[in-house]
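Colleague: My questions are about this predicted structure, shown below with the sequence.
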Amino acid sequence: MNAENALRRRLLLAATAGLVAGTALPGTAHARAAVIEPDIDSTATWGARAPKGTIATLQYRPSRIVIHHTVSANTSDFSRAQAHNHAHWVQNLHMDKNGWVDTGYHFLVSRGGWLTEGRHGSLRTLTGGTTFVQGSHTSGQNNAAIGIANEGAYHDGATPPGAQWDVLVVLCAYVCSKYRIPATQIYGHKDYGDTLCPGVFHDMLPRLRQEVAARM
Ligand SMILES: [Zn+2]
């Protein structure tokens, strides 16, 4: 089974589980389909390095999402192993070059549509839905926003593979749902600073907000 098929199968299984859960609740038979809880490989799963210092847990919900791209190579390797390689590459860059305690983003979306946890604690706090870890991804927004970074470079005419886009939508819908963030509160890095990030994803923000809203 190739990566694309594995992804579709995972999404289908998750969607089916959501429908079953929805119909089990009285009075929800006609409710919109439940938000899908995506598979996210934790820092333990992909073998992240330990943080170099303390990561603050903020005792309130984030109020928005900021989308990024990582300006890594636009690989055609859509495997889960590549998603893990990319997570290591980002963490090494942020810790060794930028001198940060850990990966700056909360979550990463690979070109093949695999999700990895970025900063330690991001997944645990998302699951709880009431707190989040302080990120390091957008000046002025690190105490307010969840940072989601897409593998690849999209400032030069490239467009995201379908699997990456689909999983980004699923992840954003899940984050919005857990933290009660309206889909209108999804932004791009360049909304907050002088940067090309997140490239074409910024042009696609209206579509992203619309597709996320449709899932909630
Ligand atoms: Zn960025």
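Modeller: Great, that's in hand.

Colleague: can you map out the helices along the protein?
Modeller: Along the chain, the stretches classed as helices by DSSP state H are 3-24, 43-46, 80-92, 122-128, 162-179, 200-203, 205-215.

Colleague: and of the ones you listed, who's closest to the ion?
Modeller: Ranking the helices of the chain by their distance to the ion (criterion: Cβ to the ion) puts helix 200-203 first, at 9.7 Å. Bear in mind the C-beta positions are built from the backbone N, C-alpha and C, glycine included.

Colleague: Pull out the buried positions in that closest one.
Modeller: Residues of helix 200-203 classed as buried by neighbour count (16 or more other Cβ atoms under 10 Å): F201, H202.

Colleague: Also stretch 124-132?
Modeller: By 16+ other Cβ under 10 Å, the buried positions in stretch 124-132 come out as T125, L126, T131, F132.

Colleague: count of residues packed around the closest residue to the second one other than its chain neighbours?
Modeller: With Cβ to Cβ, 6 or more residues apart in numbering as the measure, K178 is the residue that lies nearest to L126, at 5.7 Å, once sequence neighbours are left out. By other Cβ atoms under 10 Å, 20 other residues sit near K178.

Colleague: how much space is there between K178 and I65?
Modeller: Note on K178: its distance to I65, by Cβ to Cβ, to the nearest Å, is 11 Å.

Colleague: got a list of what the residue nearest to L126 touches?
Modeller: Taking Cβ atoms under 8 Å, 6 or more residues apart in numbering, we find K178 in contact with L126, T127, G129.

Colleague: Kindly report the same for F201.
Modeller: If a contact means Cβ under 8 Å, 6+ apart, then F201 has I67, H69, N150, Y154, P160, G188, L208 as its contacts.

Colleague: Just put the residues you listed in CSV and tack on pLDDT, distance to the ion and neighbour count.
Modeller: Compiled in CSV, the contacts of F201 are given as follows (pLDDT from 0 to 100; distance: Cβ to the ion, whole Å; neighbours: other Cβ atoms under 10 Å):
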residue, pLDDT, distance to the ion, neighbour count
I67, 99, 8, 29
H69, 98, 7, 25
N150, 98, 10, 26
Y154, 98, 11, 25
P160, 98, 15, 24
G188, 98, 8, 22
L208, 98, 15, 20
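
Colleague: Now, those residues that are in strands?
Modeller: The members of the contacts of F201 that map onto strands under DSSP state E are I67, H69, N150, G188.

Colleague: Which two among these are spaced furthest apart?
Modeller: Taking Cβ to Cβ, the two most distant members of those are N150 and G188; they sit 10.8 Å apart.

Colleague: Give the residues shared as contacts by those two.
Modeller: Contacts common to N150 and G188, judged by Cβ under 8 Å, 6+ apart, are I67, H68, P198, F201.

Colleague: from those residues, which is closest to I146?
Modeller: I146 lies nearest to I67 out of these, by Cβ to Cβ, at 9.9 Å.

Colleague: Get me the contact residues on the chain for the ion.
Modeller: Within the chain, the residues that sit near the ion (Cβ under 5 Å from the ion) are H68, H189, C197.

Colleague: Which residue lies closest in space to the first one, excluding its sequence neighbours?
Modeller: Spelled out, it's H68. Once its chain neighbours are removed from consideration, H68 has its nearest residue in A149; the separation is 4.1 Å (Cβ to Cβ, 6+ apart).

Colleague: Tell me which residues touch the one you found, please.
Modeller: A149 neighbours (Cβ under 8 Å, 6+ apart): I67, H68, H69, T70, V90, Y105, F107, L108, V109, G118, H137, P198.
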